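K.L.:
make a model of this:
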Amino acid sequence: MSIPLSIAADHGNTRAVELLLKSGADARIADSHGDLPVMRALARGATGAAALLLPSCGECNQNNKSGNTALMLAAKSGAKAMVSALTANKASLDQRNQLGYTALMLAVQEGHVDVVQALINAGADQSLRNKKREQARDIASALGHTDVMQLLK
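P.N.:
Sure, this is the predicted structure:
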């Protein structure tokens, strides 16, 4: 495991991430929770560090122990630029976590209108259901996210 790279990602230390990557640190090695360094950065809102790590993690479709992918974490945190970068990098749009949530559902849950639009534009499947049998539109309705509901079929 690349512990220094994961720590730098956690703290959003872009300079340290850059130096570690240049010195050969492997951004494709997950920690004990199954998180890649890019996932750790995204979970903490460190989009600068995540942007540096993205080219080194391939498609970033690996699930952590909660079943979340980098795209799911970016969508949940509202990081539209990272969502766009991940989808352009062929991240799986409709992969599900342990609760059956997709990146779209997580963005809807948090009310991130711009991220929801980006995921729809990228082709996210709005008809999928989570383990509670809810679709993205059901989640938006239950949480009163009317602006998000307008985007969903």
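K.L.:
what's the distance between Ser84 and Ser23?
P.N.:
29 Å (Cβ to Cβ, to the nearest Å). C-beta here means a position set from N, CA and C on the backbone, and glycine is covered the same way.
K.L.:
so those two - more neighbours on which side?
P.N.:
Ser84 (17 against 9; other Cβ atoms under 10 Å).
K.L.:
wait, doesn't that one sit right on Leu119?
P.N.:
No: counting by Cβ atoms under 8 Å, Ser84 stays clear of Leu119, with 9.5 Å between them.
K.L.:
what's near enough to touch Leu42?
P.N.:
Ala50, Ala70, Leu73, Ala74, Ser77, Ala79, Met82 (Cβ atoms under 8 Å, 6 or more residues apart in numbering).
K.L.:
and Leu73, by the same measure?
P.N.:
Met39, Leu42, Ala43.
K.L.:
again with Ala41
P.N.:
Taking Cβ under 8 Å, 6+ apart as the test, what Ala41 contacts is Ala9, Asp10, Gly12, Val17, Thr47, Ala49, Ala50, Leu53.
K.L.:
ok, now Gly34?
P.N.:
By Cβ under 8 Å, 6+ apart, the contact list for Gly34 reads Gln62, Asn63, Asn64, Lys65, Ser66.
K.L.:
can you put these in TSV and add pLDDT and neighbour count?
P.N.:
Output for the contacts of Gly34, formatted as TSV (pLDDT from 0 to 100; neighbours: other Cβ atoms under 10 Å):
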residue	pLDDT	neighbour count
Gln62	90	18
Asn63	92	19
Asn64	93	21
Lys65	93	12
Ser66	92	14
